[in-house]
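Peer 1: quick one: sequence and predicted model below, then my questions.
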Amino acid sequence: MRIGLFILMLWGKGTYCGEFMKVRLKLNPGMRGTKKLTRKYGDSLVCVRYRYDEKRKMRYTTVELIVEESTWLPPLFKPNDIILIKIPFKELDLREKVKRAGGVWSNSRKMWKLPYKTVCKLGLKDKIVAEFKETSKK
């Protein structure tokens, strides 16, 4: 525990980053106070922060940089989206499990309506009918 705490308190080249360091200013690239760093890091620069250590009476300039880019697809559903799942008529135990979890039978669609987070919790992602989604009012 003591070693882990010590590692958390280290910052950069061994400078202390503990409870006394407060961020007073966060600036976006190109703003006054970031020009030199914007020239140095270019499009990789996300923001510049000025941190102050009241105990040591020091100011630290820190930067947040993009170091890697990769494609990412956002999830199809949000946790509270109400989605349809199709459960074969013969799977009585599974239907009962969905009903106990708060699933609502849609007679017009002949499928179960359930929040996406519940579908995931029950391990039923493979039963999702992807064409349907409605957002819960919660």
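Peer 2: Noted; the coordinates are in hand.
Peer 1: quick one, strands of the chain?
Peer 2: Using DSSP state E, the strands of the chain run over 10-11, 15-16, 21-27, 45-53, 58-65, 81-85, 104-106, 111-115, 128-135.
Peer 1: mind putting these in a markdown table, mean neighbour count and distance to Leu37 included?
Peer 2: Glycine gets a C-beta too; all of them are placed from N, C-alpha and C. Written out in a markdown table, the entries for the strands of the chain read as follows (neighbours: other C-beta atoms under 10 Å; distance: least, C-beta to C-beta, whole Å):
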| stretch | mean neighbour count | distance to Leu37 |
| --- | --- | --- |
| strand 10-11 | 14 | 18 |
| strand 15-16 | 14 | 18 |
| strand 21-27 | 13 | 9 |
| strand 45-53 | 16 | 6 |
| strand 58-65 | 14 | 6 |
| strand 81-85 | 21 | 41 |
| strand 104-106 | 12 | 54 |
| strand 111-115 | 21 | 45 |
| strand 128-135 | 12 | 41 |
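Peer 1: and Leu122, which of the ones you listed is closest to it?
Peer 2: Proximity of these to Leu122 was assessed by C-beta to C-beta; the nearest stretch is strand 111-115, lying at 8.1 Å.
Peer 1: sorry, back to before: can I get the strands of the chain in CSV with mean pLDDT and distance to Glu91?
Peer 2: Conversion of the strands of the chain to CSV gives the following (pLDDT from 0 to 100; distance: least, C-beta to C-beta, whole Å):
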stretch, mean pLDDT, distance to Glu91
strand 10-11, 42, 55
strand 15-16, 50, 59
strand 21-27, 87, 53
strand 45-53, 93, 49
strand 58-65, 92, 49
strand 81-85, 92, 11
strand 104-106, 93, 14
strand 111-115, 93, 11
strand 128-135, 71, 15
